[in-house]
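In: Sequence plus predicted model, see below.
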Amino acid sequence: MIIHQFEYKGLAHYSYAIISDGKMALVDPERNPQPYYDFAKQNQAIITTVIETHPHADFLSSHAEIHHTTGATVYVSKLLSAKYPHHTFDDGDVIQLGEVELKALNTPGHSPDSISIAAYENGKAQAVFTGDTLFIGDCGRPDLREKAGAVTAARDQLARNMYHSLRDKLMKFADDVKVYPTHGAGSLCGRGLSVQNLSTIGAEKVTNWSLQPMNEDDFVKELVSTQPFVPKYFTNSVELNRAGGPDYKSSIEKIQIQNGLPLSLENIVVIDTRPQEIYKKGSLSRSINLMDDTRFETWLGSIIAPGELFYLIVPSKEEATILIDKIARIGYESQVKEVFVANRVEGRKFDKLNVDEFRKKEDKYTIVDIRNYSEVADRKVFEKALVIPLPELRERVKEIPLDKPLVVHCAAGYRSAAGVSIIKNVLDGSVDVYDLGTAITTF
């Protein structure tokens, strides 16, 4: 048996290929299916099977496209109520993949329809693909399926399900069984995921907080507390994955890329991805400065709502290709009205904050902290700051008082560039708005 792990760093996503006797199964494939086709060709294997551990909230999967292209059978839990051609795969079901048996385990907790897949060779369990149920160092969050999916459930109930899935199903495996999760450090599907990409049941029993001895109530209390924020696109992704997303390549090829900016644009938001030092020298009204970054997809899907059209400004055609791919990862490619390649933009400018003056006279400014609530709870930088996390900022700008100049900060300067541009879109001219930027790291 060959097990190969694929990683997409932007969403901290792991997917897997399992090969036995020339047959290949995929677990939780990413949006672009080409890496799997290439891997199958390299190993002279045929993709026969695709297994989805649940309808993902954080990325759009290529399971439906792979089925259409290769004829591979897609397997999911019957609870998912998938709208694409599939076979159900629940407790007791087995897929024969060459000499390997893939056995289903219903492991609700992250979602009501979550499954894990145990891989057996020569009658012995060798590995378990745990989806978003068991991570390395953590378990899946239980609060994403209260309003999405064919089956919804309250977070407290899912947390109780998780307690039993971990103990009654996954902890029953031998200590040497390898653990292959669908996400790693940086994913919003958990809160304390390890940077390691592989573990064992035995190692997790020792190091993972969620597998330690505790009663059910204590586990539930711990799991439902201080979970990360939920990006706007998560609920939409669940439904897209349940329906089966459109083909990757044909979807992104529909996006038009133009050199330069036209004389006029429709009255929709503009995502300007140029570096903030260039953006602040000249930018369009209605534009948000969201630079390319390892978490671009997450922040885009946190600021822009599902179905909301937007323009995209990029500094080069190469950058356009990169960002269109990232946008497609969360199923937002159909929302891109048009892409413009432009380095210089005539328009509004941003005044630079005198940081030394600000240090001396903080009370003369209204400080807006756009970090997440959990970050503020861990460390409050400015005692009197108004806290409005970036994902909520567009909807809550008018809560900001206008009697003083504004200073916006995040943790390191990336989010504050977006935050300042959002605020100026609404309040421009009403009050001076400054970005504390990377100087926040010195406070």
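Out: Okay, I see it.
In: Could you pull out the buried residues of stretch 376-391?
Out: Using 16 or more other C-beta atoms under 10 Å as the test for burial, stretch 376-391 gives 381-382, 385-391. Every residue, glycine included, has its C-beta placed from N, CA and C.
In: next one: stretch 283-296
Out: By 16+ other C-beta under 10 Å, the buried positions in stretch 283-296 come out as 283-284, 286-291, 295-296.
In: Taking the buried residues of stretch 376-391 together, which two end up most distant?
Out: 382 and 391 (20.3 Å; C-beta to C-beta).
In: still on that earlier bit, filter the buried residues of stretch 376-391 down to the ones in strands?
Out: Of those, the ones assigned to strands by DSSP state E are 386-387.
In: Residue 402 - how many residues pack around it?
Out: Using other C-beta atoms under 10 Å, the number of residues around residue 402 comes to 11.
In: List the residues that contact residue 336.
Out: The neighbours of residue 336, taking C-beta atoms under 8 Å, 6 or more residues apart in numbering as the test, are 255, 309-312, 324, 327.
In: Just read off the phi/psi values of residue 300.
Out: Dihedral pair for residue 300: phi -60, psi -50, per degrees, to the nearest 10.
In: and it, how many neighbours?
Out: Other residues close to residue 300 by other C-beta under 10 Å number 26.
In: Test my guess that it contacts residue 332.
Out: Yes: Residue 300 is within contact range of residue 332, at 6.7 Å (criterion: C-beta atoms under 8 Å).
In: For the helix or strand containing residue 25, which helices and strands make contact with it?
Out: The secondary structure element spanning residue 25 is strand 23-27 (assigned by DSSP states H and E). Other helices and strands packing on strand 23-27, by 3 or more C-beta pairs under 8 Å, 6 or more residues apart in numbering; DSSP states H and E, are strand 13-20, helix 34-42, strand 46-51, strand 94-97.
In: could you redo the last one with a cut-off of 6 Å?
Out: strand 13-20, strand 46-51 (3 or more C-beta pairs under 6 Å, 6 or more residues apart in numbering; DSSP states H and E).
In: Nearest to residue 346, out of those?
Out: Between residue 346 and those, the shortest separation by C-beta to C-beta is 39.2 Å, and it involves strand 13-20.
In: what angle sits between that closest one and strand 23-27?
Out: If you take axes from the mean of the first three to the mean of the last three C-alpha atoms, to 10 degrees, strand 13-20 sits at 160 degrees to strand 23-27.
In: Summarise which helices and strands strand 13-20 is packed against.
Out: strand 2-8, strand 23-27.
In: my guess is residue 140 contacts residue 134, does it?
Out: No: applying C-beta atoms under 6 Å as the test, residue 140 and residue 134 come out as separate, 7.6 Å apart.
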